[in-house]
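Engineer: I need the structure of the sequence given here:
(4 chains)
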Protein chains: 2
Amino acid sequence: MGTTQVDSLPEPKYWHLRTVLTEALDSEFTVGEILPNERDLAARFGVARATLRQALEQLELEGRLQRRRGVGTTVAPPRMGVAVGTSRHTWPGTPDDAWDPADCVLETPPASVAGALGVHPGDAVYTVRRSRVTDGQPVAAEQLYILPSSVPGLSDVDAPSGPARARAVLRELQRLELERQESDVELGSARAEHAKALDRLPGAPVLVVTTRYRADGRTTALSVATYRADTCRLTFGDLGGVEIHHQAHPQAS
Amino acid sequence: MGTTQVDSLPEPKYWHLRTVLTEALDSEFTVGEILPNERDLAARFGVARATLRQALEQLELEGRLQRRRGVGTTVAPPRMGVAVGTSRHTWPGTPDDAWDPADCVLETPPASVAGALGVHPGDAVYTVRRSRVTDGQPVAAEQLYILPSSVPGLSDVDAPSGPARARAVLRELQRLELERQESDVELGSARAEHAKALDRLPGAPVLVVTTRYRADGRTTALSVATYRADTCRLTFGDLGGVEIHHQAHPQAS
DNA sequence: CAGTGGTCTAGACCACGCC
DNA sequence: GCGTGGTCTAGACCACTGG
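Structural biologist: Just a heads-up that it's a prediction; the model follows:
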């Protein structure tokens, strides 16, 4: 007796909502279209706003939605394929790469970086900061740590810092025959500094790519690049030609 | 006048909490140690439980914490380095790889997979499901799609499905000279099926690695591997020796 | 200024693991 | 059963964007 409930589903509401919204996005919306606001959507589905937001968070994590405070929620385009592989474009110092040098200073790196470069903790290394922009929006911020002994010819450079010095260091680096060692990828969350550069809020999910470069038989440079996880699909591999391309949505997982 | 507030900080509480807890984890806790429960922690910091949970979610995302329903929150070990590069170990069919074949069926793949393999949507391909276990815990689930025409010698295999057939298909595959083409990595969320295999809840963050393999001048196999993002650090590169190793915590982002 | 998403609260109940 | 984390609610206020 009582209420005839067909429920008994252990599936959370927010997860079911995610599924419903995913199908709606696939069939009834076009890229760039703006969704109804969160309060209206929550009311329409008969859930609390917090529950709806849990579903939206999932979809944003999967790169299906883009939310901007003060503006609204829009349907995101398919993720960009960003080459981070052995393509020559990603080598530090290549003149035609996609990176925009911002600054270069001589400072003491984090302990983990010092360890990887084989210097004492507290020793200063060159630190080049660069950003990568694709299709008009920032996709990555990088810190490139360079062993000072590898780029001795810097005394003739006037600028003590700034983009000019960064370019000078990269030019020096280019003279070396850099050999890519290995990269690893892990999930992280953007801290304040990077969040601003990537036009996201603190805590936004990022893919952190760490790459070691070798020259003269030793690790000479270390790159720590932070990519927006919501908009980027990192591409490793030996293809020479294509650097950036779009693709239809694969299954979410 | 009135209350002398030094605040005026635009930093959210949960973010500040994350920072405080990160430092506490670094200095006052050891791996495996269990934290006080969420209600106590929230009370101790003077915030609502939801706010505390937002901070814990961040830390779990960064691989610093592990939370299990019914058990508690523990300090996670550093992420495992998992080789997904050109190491021979990860090639499909290598006998000494880290993968455990679970099943193999002939079924129609998702549209995106059909496109990559160059078959008509609706055509069936061999689908091998495998799981990867490291240090006693599951780290990845893979679906390996194989062009049927590439492995014709399967008529003498009795088993219509199951691990036995999966191994048979992989043996056949091994006969081909598979050439790794390229891999890409993107953030996803675990759907029910994978969530169970990875011992996580639905929606858990995963790193999806898609790899194309080539033989006889055409794409012959496609691997879609789903790694736990909280416990894994994916390693690409040409190193031959080390396959799995641990490392100290680098900076979160 | 109005409207949006972002943060936060103080509750309640549920699902799970363990004893 | 009991304690844990997971889900959900119905509100409030804040921070930002845009007209």
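Engineer: Next up, the contacts around the residue in the stretch 151-253 of chain A that DNA strand C sits nearest to.
Structural biologist: As assessed by CB to the nearest atom of the strand, DNA strand C sits closest to A:L201 within the stretch 151-253 of chain A, at 5.4 Å. Yep, even glycine has a C-beta here, placed from its N, CA and C like the rest. Residues in contact with A:L201 (CB atoms under 8 Å, 6 or more residues apart in numbering or on different chains) are A:R69, A:A190, A:A195.
Engineer: what about the first one, distance to A:P152?
Structural biologist: Counting by CB to CB, to the nearest Å, the separation of A:R69 from A:P152 is 48 Å.
Engineer: Kindly report the same for the second one.
Structural biologist: In this view, A:A190 and A:P152 are 35 Å apart by CB to CB.
Engineer: Up against DNA strand C, what does chain A have?
Structural biologist: Residues of chain A lying close to DNA strand C (CB under 7 Å from any atom of the strand) are A:10, A:35, A:37-40, A:49-50, A:53, A:56, A:67-73, A:201-203.
Engineer: So what's the gap between stretch A:62-78 and the chain middle?
Structural biologist: The chain centre lies 16 Å from the centre of stretch A:62-78; the measure is CA atoms, centre = their mean, to the nearest Å.
Engineer: Then stretch A:181-200?
Structural biologist: On CA atoms, centre = their mean, the centre of stretch A:181-200 falls 5 Å from that of its chain.
Engineer: can it be found next to chain B?
Structural biologist: Yes: residues of stretch A:181-200 are located near chain B by CB under 8 Å from any CB of the partner chain, namely A:Q181, A:E182, A:S183, A:D184, A:V185, A:E186, A:L187, A:G188, A:S189, A:A190, A:R191, A:H194.
Engineer: Just the C-alpha atoms of that stretch, please, in PDB.
Structural biologist: This file holds the C-alpha atoms of stretch A:181-200, laid out as PDB (Å, rounded to 0.1, in the frame of the first residue of the first chain):
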ATOM      1  CA  GLN A 181      63.700  12.800 -22.300                       C
ATOM      2  CA  GLU A 182      60.200  12.000 -21.100                       C
ATOM      3  CA  SER A 183      57.000  13.700 -20.100                       C
ATOM      4  CA  ASP A 184      54.400  12.900 -17.500                       C
ATOM      5  CA  VAL A 185      50.900  14.100 -17.100                       C
ATOM      6  CA  GLU A 186      48.900  14.400 -14.000                       C
ATOM      7  CA  LEU A 187      45.700  16.200 -12.800                       C
ATOM      8  CA  GLY A 188      46.100  19.300 -10.700                       C
ATOM      9  CA  SER A 189      44.200  22.300  -9.700                       C
ATOM     10  CA  ALA A 190      45.100  25.800 -10.800                       C
ATOM     11  CA  ARG A 191      46.600  28.000  -8.100                       C
ATOM     12  CA  ALA A 192      45.800  31.700  -8.000                       C
ATOM     13  CA  GLU A 193      48.700  32.700 -10.300                       C
ATOM     14  CA  HIS A 194      47.900  30.200 -13.100                       C
ATOM     15  CA  ALA A 195      44.200  30.600 -12.600                       C
ATOM     16  CA  LYS A 196      44.400  34.200 -13.600                       C
ATOM     17  CA  ALA A 197      46.600  33.400 -16.600                       C
ATOM     18  CA  LEU A 198      44.200  30.800 -17.800                       C
ATOM     19  CA  ASP A 199      41.100  32.900 -17.200                       C
ATOM     20  CA  ARG A 200      39.700  30.500 -14.700                       C
END
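Engineer: Could you say which helix or strand holds the residue nearest to A:V133 when sequence neighbours are not counted?
Structural biologist: Closest residue to A:V133 apart from its sequence neighbours, by CB to CB, 6 or more residues apart in numbering or on different chains: A:D100 at 6.4 Å. In the assignment (DSSP states H and E), A:D100 maps to strand A:99-107.
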